[in-house]
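Trainee: My questions concern the predicted model and sequence given below.
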Amino acid sequence: MLELSEISKNFGDVKAVDSVSLSIKEGEMLGLVGPNGSGKSTLLKIMLGITRPSSGKVLFSGKELAEKDWKEIRKKIGYMPERVNFYDNLTGKETIELFAKIKGGDLGNVPGLLKKVGLENAVDRRVGGYSKGMRQRLNLAQALSNDPDFLVLDEPTSGLDPVGTKEFYNILDDVRTRKKLTVILSSHILAEIEDKIDRVAVLKAGALRAVGSLEELYSGFNLPLKISIALKEKNGTLEEILKREGAKEIGYKDGHLTASIQREDKLRLLSAVMEKKESFVDLSIREPNLEEVFFGIH
């Protein structure tokens with residue numbers, strides 16, 4: 001659906017985005033992650049046509065867009081920025097009606113949309129009296145006000161409590177069930193998004209360091225698995241078995257013997273540990289998480 005080809009963006013002597021090439025597939029949810037200052041927001045604005053790249057091309061469905069083309073494409077795009085300024089003297093209903101008019105949305109859908117984001121009891125209140133969480137819900141409503149095919153979310157759960165965050169992803173799932181929605185999700189809360197995304201793109205210092213599914217990145221970077229053994233009591237024998245079978249980072253925490261193991265050693269190590277199964281009550285092995293993937297990429 002969207003392709004970035006050798007995109008760079010300079011601000012004076014600062015290169016915010018450096019030769020990024022990335023293809024986003026129709027209907028997928030792509031996580032864009034990176035530390036502050038990595039170029040995420042700049043790259044998102046280039047995807048939206050808000051910022052022009054210093055070099056490179058942005059293509060939709062294989063076509064590089066002229067300015068007149070961007071005008072039509074934007075009608076199909078929803079954008080939820082990290083921070084948005086609303087007219088404080090307008091009500092919630094008037095605000096979303098304004099966005100719907102600007103973006104060509106259906107005004108008849110506004111009441112249902114405000115209900116969906118949990119603002120049905122505040123539609124006639126002025127936005128100036130909204131809390132941060134309520135403004136973020138309104139931000140989501142404006143992003144969906146034109147029933148977009150392509151949705152760009154920049155730190156979308158900022159300001160939301162855990163209940164609001166869960167409701168946010170439920171709303172997103174509901175839209176994606178109804179239509180083939182393509183989503184770019186930029187976030188620094190890695191644990192929150194890792195089970196939501198289809199693929200992840202890691203941006204550091206303006207450059208794309210890695211892209212793929214989490215499984216692809218696990219294997220591609222040869223990241224270790226984590227083993228945790230719930231002990232009946234501290235056990236030097238199990239520790240020696242782990243060392244012998246090549247485990248690393250061996251330690252004790254809250255009654256558990258923990259270690260890192262390479263994927264190819266898993267079955268051999270499990271077989272050896274199970275010979276001493278009378279000395280522990282439980283055992284678990286987990287894949288690396290997105291945070292470990294992120295910090296494993298240089």
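Mentor: Here it is on my side, so go on.
Trainee: what about the stretch 151-298 of the chain, any weak spots by pLDDT?
Mentor: 296-298 (pLDDT under 70).
Trainee: for residue 243, what are its contacts?
Mentor: For residue 243, the contacting residues are residue 250, by CB atoms under 8 Å, 6 or more residues apart in numbering. For glycine as for every other residue, the C-beta is placed from the backbone atoms N, C-alpha and C.
Trainee: Quick check: phi and psi on it?
Mentor: Phi and psi for residue 243, reported as degrees, to the nearest 10, are phi -60, psi -40.
Trainee: Repeat that for residue 282.
Mentor: Dihedral angles for residue 282 - degrees, to the nearest 10 - are phi -160, psi 160.
Trainee: where do the strands sit along the stretch 1-150 of the chain?
Mentor: Counting by DSSP state E, counting those that start in this stretch, the segments of the stretch 1-150 of the chain that form strands are 2-11, 14-24, 29-33, 55-60, 63-64, 77-80, 150-154.
Trainee: the inter-axis angle of the second one versus strand 55-60?
Mentor: Pointing back at strand 14-24 there. Between strand 14-24 and strand 55-60, the angle comes out at 30 degrees (axes from the mean of the first three to the mean of the last three CA atoms, to 10 degrees).
Trainee: Centre-most residue in this structure?
Mentor: Residue closest to the mean C-alpha point of the chain, counted by CA atoms, centre = their mean, is residue 31 at 3.6 Å.
Trainee: Quick check: next helix or strand after the longest helix belonging to the chain?
Mentor: Longest helix in the chain by number of residues, with DSSP state H as the criterion: helix 162-178. Using DSSP states H and E, the helix or strand that follows helix 162-178 in sequence is strand 182-186.
Trainee: what comes up buried for that following strand?
Mentor: By neighbour count on 16 or more other CB atoms under 10 Å, the buried set for strand 182-186 is 182-186.
Trainee: residue contacts, residue 101?
Mentor: Contacts for residue 101 were tallied using CB under 8 Å, 6+ apart; they are residue 107.
Trainee: separation between it and residue 112?
Mentor: Distance, residue 101 to residue 112, by CB to CB, to the nearest Å: 17 Å.
Trainee: what do you get for residue 103?
Mentor: 17 Å.
Trainee: The two: which is more packed in?
Mentor: residue 103 (19 against 10; other CB atoms under 10 Å).
Trainee: That one against residue 75, yeah?
Mentor: Yes - Residue 103 is within contact range of residue 75, at 6.3 Å (criterion: CB atoms under 8 Å).
Trainee: Quickly list what's touching both of those two.
Mentor: Common neighbours of residue 103 and residue 75 (CB under 8 Å, 6+ apart) are residue 146.
Trainee: For the nearest residue to residue 255 once chain neighbours are set aside, what are phi and psi?
Mentor: Nearest non-adjacent residue to residue 255, counting by CB to CB, 6 or more residues apart in numbering: residue 231, 5.9 Å away. Here is the backbone geometry of residue 231 (degrees, to the nearest 10): phi -90, psi 150.
Trainee: Near residue 200, how many other residues are there?
Mentor: Residues near residue 200, counting by other CB under 10 Å: 24.
Trainee: Give me the nearest residue to it, chain neighbours excluded.
Mentor: residue 31 (4.3 Å).
Trainee: same thing with residue 263?
Mentor: residue 225 (6.0 Å).
Trainee: what does residue 124 give?
Mentor: Leaving aside its chain neighbours, residue 124 sits nearest to residue 91 (5.2 Å; criterion: CB to CB, 6+ apart).
Trainee: Quick check: the one you found vs residue 160, distance?
Mentor: Counting by CB to CB, the gap from residue 91 to residue 160 is 21 Å.
Trainee: Could you verify my assumption that residue 179 touches residue 149?
Mentor: Yes - proximity of residue 179 to residue 149 meets the contact threshold set by CB under 8 Å, at 7.3 Å.
Trainee: looking at this, residue 223 is in a helix?
Mentor: No - counting by DSSP: H, G, I helix; E, B strand; the rest coil, residue 223 is not part of a helix but coil.
Trainee: give the contact list for it.
Mentor: 217, 288, 292-293, 296.
Trainee: which of these sit farthest apart?
Mentor: Spatially, the most separated pair among those is 217 and 292, at 9.9 Å (CB to CB).
Trainee: More neighbours: which of the two?
Mentor: The neighbour count for residue 217 versus residue 292, taken as other CB under 10 Å, is higher for residue 217 (22 against 18).
Trainee: so what's the more buried one up against?
Mentor: Residues counted as contacts of residue 217 (CB under 8 Å, 6+ apart) are 200, 210, 223, 293, 297.
Trainee: Number of residues surrounding the fourth one?
Mentor: Just to be clear, that refers to residue 293. Neighbours around residue 293, by other CB under 10 Å: 23.
Trainee: Alright, I will stop here.
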